[in-house]
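Trainee: Following is a predicted model, sequence given first.
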Amino acid sequence: MGLGIVKGMALTLRHAFRPIITTQYPEEKLVPSKRIRAPQLVWEEDRCTVCASCAKACPQGNITIVSEPLPDNKYGMKHLEIDHGRCMFCGLCVEACPFDAIHMGRDYEQATYRRSLLVLTREEVRLSEKRKASGYFRPRFEAEMPPQTLLIYGEKKGK
Amino acid sequence: MDWLHWIAFAVFIVVFVLGMSMFGIWLERRGVARLQMRPGPNRAGPLGLLQPVADAVKILLKEDIVPERGDRLLHTLAPIVAFVPALMVFAVVPFWRGEGAGLVPDMNIGLVYLVAISSISIVGAFTAGWASNNKYSLMGAMRSMAQMVSYEVPLVLSLVGVALAAGSLSLVRIVEAQSVPFILLQPLGFLVYFLAALAELNRTPFDLLEAESEIVAGYHTEYSGMKFVMFYLGEYTHTLAAAAIGATLFLGGWKGPLLPPFLWFLIKVFALFVVIFWIRGTLPRLRVDQLMAFAWKFLLPLALVNIFLVAVEMSTQSLRTLWVMVAVNIVAGVLAVYLFSRLGRVRGGRVAV
């Protein structure tokens, strides 16, 4: 006889006194997962042998990598270009790299005003303080990353 | 002097009611957001208070579109026909104590006027659906016609109990007759009024006409810009009007201890308004057959039971023992609802629309 409605109303009323679960994004940011595949690729020069495994693994053909012979029978990189605009961040290049030289990034705010700005060259994709690698497929980075914010009641403080 | 009074109150009602509607929009959005553990609009102004203003400015700048094969004249008239009655309802509502507490609060057929005026907006809804030349608009309009006409019957019958108990159709007299609010003396009548009013307003859980999963937005699918504002604001003005009538007829209007009468009136109106959006935040939408069965098989008999109870109490003069009758009526109301929900088969009932 409508007692179900009363129960439902009481339930929603109880919800009204719970903390707000929504995140006010630009002001309030959550720490993402340690294994985030953020829309950026990070390249580590020291480890790279210019084998072009990443370029072969890429289903889109986004990675342009050109090698050149160096003196002393060495093998050097002439040119590297990754089109982040066409990349779908599947992570296959990261998994294919035999020397752990290319990683997924952890910064998810990668919007630009022009598509041409998304075509990144060798200097721009290099691992640095600003361009950090994520723990995806790379346990050594995962260890140093902060734990993810979980959306459980009470976890989010303030507000 | 009369003219001055009327002009002053006409302006007061337009400004006050529109202001309250905007506030109501804000209150509902914030309130429902709280029920859903969201913050709600919080960018425009302190606590998002200016959000309705921002929305209004945005929507006024939008293009006014009339469908190519639609009826241009009716398409323009419909929102006006739907919106104006909501304002006109407030003409007979007494805002505070005394003769000059409204436009014509002491109109001797106030209750009849209310019922008559609030039915007019159905015409606006149907005109909008017809003039839009859109199947979803027309279907929404048909649904709202069927719904509003059906629920008009229990709504009016629930008001009969009030008129019987007060011995007058004037809203001022009705408020004065409430030595205890009629919600205590006629809980059944209030229940029927409230549910029927929810359906009249096309609010959740009775908002079938704008079931977006089925028929886009009902009769105002093809509306944009200023005309859409009329429907949108009209919806909230109607809600406020229903809350104001409910507060006047069942909650004792301006009456109350300590606080000034006008404040009491506002508190009661917004208390009802809060319950309305609380229900919106809780209940899912009814099915069409459930909707019709609910009106005819549940609310209508209950409204008749209520009239019968009040009539018996009035004719036997039993209202002298006031608090005994309050208890008796509450028990009778609960019993009636229980029996009807047990005996009447509303849920499985099928009523062709």
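Mentor: Noted; the coordinates are in hand. Because the structure is a prediction, the values reported are computed rather than measured. Numbering: from 1, shown residues only, chains lettered A, B, ... in the order given.
Trainee: Quick check: what element follows the lowest-mean-pLDDT helix or strand in chain A along the chain?
Mentor: Each helix and strand of chain A was given a mean pLDDT (mean pLDDT, DSSP states H and E); the minimum falls on helix A:3-16 at a mean of 85. Under the assignment DSSP states H and E, the closest C-terminal helix or strand after helix A:3-16 is strand A:38-43.
Trainee: So what's the gap between the next helix or strand after that following strand and the chain middle?
Mentor: The helix or strand immediately downstream of strand A:38-43 is helix A:53-57, counting by DSSP H and E. With C-alpha atoms, centre = their mean, to the nearest Å as the basis, helix A:53-57 stands 19 Å off its chain's centre.
Trainee: For helix A:53-57, give me every contacting residue.
Mentor: If you take C-beta atoms under 8 Å, 6 or more residues apart in numbering or on different chains as the criterion, helix A:53-57 is touched by A:61, A:63-65, A:92-98, A:102. (C-beta placed from N, C-alpha, C; glycine too.)
Trainee: Enumerate the residues of chain A near chain B.
Mentor: By the rule C-beta under 8 Å from any C-beta of the partner chain, the part of chain A lying against chain B is A:1-2, A:5, A:8-9, A:11-13, A:15-16, A:18-22, A:24, A:159.
Trainee: redo that, cut-off 7 Å
Mentor: Contact residues of chain A with respect to chain B, defined by C-beta under 7 Å from any C-beta of the partner chain, are listed as A:1-2, A:5, A:8-9, A:12, A:15-16, A:18, A:20-22.
Trainee: Are any of those buried, and if so which?
Mentor: Of the members of these, the ones counted as buried by neighbours, 16 or more other C-beta atoms under 10 Å in any protein chain shown, are A:9, A:12, A:20, A:22.
Trainee: So, low pLDDT: which residues of the chain?
Mentor: Just going to use chain A. Across chain A, residues meeting the criterion (pLDDT under 70) sit at A:1-2, A:152-159.
Trainee: The chain in question should be chain B.
Mentor: Applying pLDDT under 70 to chain B flags the ranges B:1, B:98-100, B:209-213, B:318-320, B:342-353.
Trainee: can you give me the helices for it?
Mentor: When assigned using DSSP state H, the helices of chain B occupy the ranges B:2-35, B:51-60, B:72-89, B:110-131, B:135-166, B:171-177, B:182-185, B:187-200, B:212-215, B:225-250, B:261-282, B:288-293, B:300-315, B:322-343.
Trainee: Show me which residues of chain B sit near chain A.
Mentor: Residues of chain B found near chain A (C-beta under 7 Å from any C-beta) are B:34-35, B:37-39, B:278, B:281-283, B:337-338, B:341.
Trainee: at 10 Å instead, please
Mentor: Taking C-beta under 10 Å from any C-beta of the partner chain, the part of chain B that reaches chain A is made up of B:31-40, B:42-43, B:191, B:205, B:275, B:278-284, B:334-335, B:337-342.
Trainee: Could you turn the buried ones of these into a ChimeraX selection?
Mentor: Only the buried entries of these go into this ChimeraX selection, using 16+ other C-beta under 10 Å:
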select /B:31,32,33,34,35,39,40,42,191,205,278,279,280,281,282,283,337,340,341
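Trainee: picking up where we left off before, which one of the helices of chain B is the most hemmed in?
Mentor: Greatest average neighbour count among the helices of chain B goes to helix B:187-200 (a mean of 25), per mean count of other C-beta atoms under 10 Å in any protein chain shown.
Trainee: orientation of that helix relative to helix B:110-131 in degrees?
Mentor: When axes from the mean of the first three to the mean of the last three C-alpha atoms, to 10 degrees is applied, the directions of helix B:187-200 and helix B:110-131 differ by 20 degrees.
Trainee: Show me what helix B:187-200 packs onto, helices and strands only.
Mentor: Using 3 or more C-beta pairs under 10 Å, 6 or more residues apart in numbering or on different chains; DSSP states H and E as the contact criterion, the neighbours of helix B:187-200 among helices and strands are helix B:110-131, helix B:135-166, helix B:182-185, helix B:225-250, helix B:261-282, helix B:300-315, helix B:322-343.
Trainee: go again using 6 Å as the cut-off
Mentor: Helix B:187-200 makes packing contacts with helix B:135-166, helix B:300-315, helix B:322-343 when contacts are defined by 3 or more C-beta pairs under 6 Å, 6 or more residues apart in numbering or on different chains; DSSP states H and E.
Trainee: Distance to residue A:123 for the helices of chain B - can I get that in a markdown table?
Mentor: Putting the helices of chain B into a markdown table (distance: least, C-beta to C-beta, whole Å) gives the following:
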| stretch | distance to residue A:123 |
| --- | --- |
| helix B:2-35 | 46 |
| helix B:51-60 | 44 |
| helix B:72-89 | 60 |
| helix B:110-131 | 61 |
| helix B:135-166 | 56 |
| helix B:171-177 | 79 |
| helix B:182-185 | 75 |
| helix B:187-200 | 65 |
| helix B:212-215 | 50 |
| helix B:225-250 | 51 |
| helix B:261-282 | 54 |
| helix B:288-293 | 65 |
| helix B:300-315 | 78 |
| helix B:322-343 | 74 |
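Trainee: how close does residue B:50 sit to chain A?
Mentor: 17 Å (C-beta to the nearest C-beta, to the nearest Å).
Trainee: Tell me if I'm right that that residue and residue B:44 touch.
Mentor: Yes. In this structure, residue B:50 is within contact of residue B:44 by C-beta atoms under 6 Å, at 4.1 Å.
Trainee: so which of the contacts of helix A:53-57 comes closest to chain B?
Mentor: Comparing the contacts of helix A:53-57 against chain B with C-beta to the nearest C-beta places residue A:94 closest, at 36.6 Å.
Trainee: quick one: contacts for the closest residue to residue B:215 other than its chain neighbours?
Mentor: In space, not counting the residues next to it along the chain, residue B:215 is nearest to residue B:136; the distance is 4.5 Å by C-beta to C-beta, 6 or more residues apart in numbering or on different chains. Under the criterion of C-beta atoms under 6 Å, 6 or more residues apart in numbering or on different chains, the contact partners of residue B:136 comprise B:215-216, B:221.
Trainee: Give me the residues contacting stretch B:165-174.
Mentor: B:92, B:94, B:105-106, B:108-111, B:163, B:177, B:248, B:310.
Trainee: just to revisit the earlier point, quick check, nearest of the buried ones among the residues of chain A next to chain B to residue B:121?
Mentor: Here the nearest of those to residue B:121, counting by C-beta to C-beta, is residue A:9; it sits at 27.9 Å.
Trainee: just checking, the closest one touches residue B:282?
Mentor: Yes. With contact taken as C-beta under 6 Å, residue A:9 and residue B:282 are classed as touching, separated by 5.2 Å.
Trainee: what bridges to the residue most central in space within chain A?
Mentor: Closest to where the C-alpha atoms of chain A average out (C-alpha atoms, centre = their mean) is residue A:38, at 1.9 Å. Using DSSP bridges, the bridge partners assigned to residue A:38 are residue A:105.
Trainee: my guess is it meets residue A:108, correct?
Mentor: Yes. At 4.4 Å, residue A:38 counts as touching residue A:108 under the criterion of C-beta under 6 Å.
Trainee: In three-state terms, label residue A:68 for me.
Mentor: Following DSSP: H, G, I helix; E, B strand; the rest coil, we place residue A:68 in the strand state.
Trainee: Skipping adjacent residues, who's closest to it in space?
Mentor: Using C-beta to C-beta, 6+ apart and skipping the chain neighbours, the partner closest in space to residue A:68 is residue A:78 (4.1 Å).
Trainee: Please settle this for me: is the one you found part of a strand?
Mentor: Yes. With three-state DSSP as the criterion, residue A:78 is assigned to a strand.
Trainee: Go ahead and confirm it touches residue A:69.
Mentor: No. In this structure, residue A:78 sits apart from residue A:69 without contact. The criterion is C-beta under 6 Å, and the distance is 9.7 Å.
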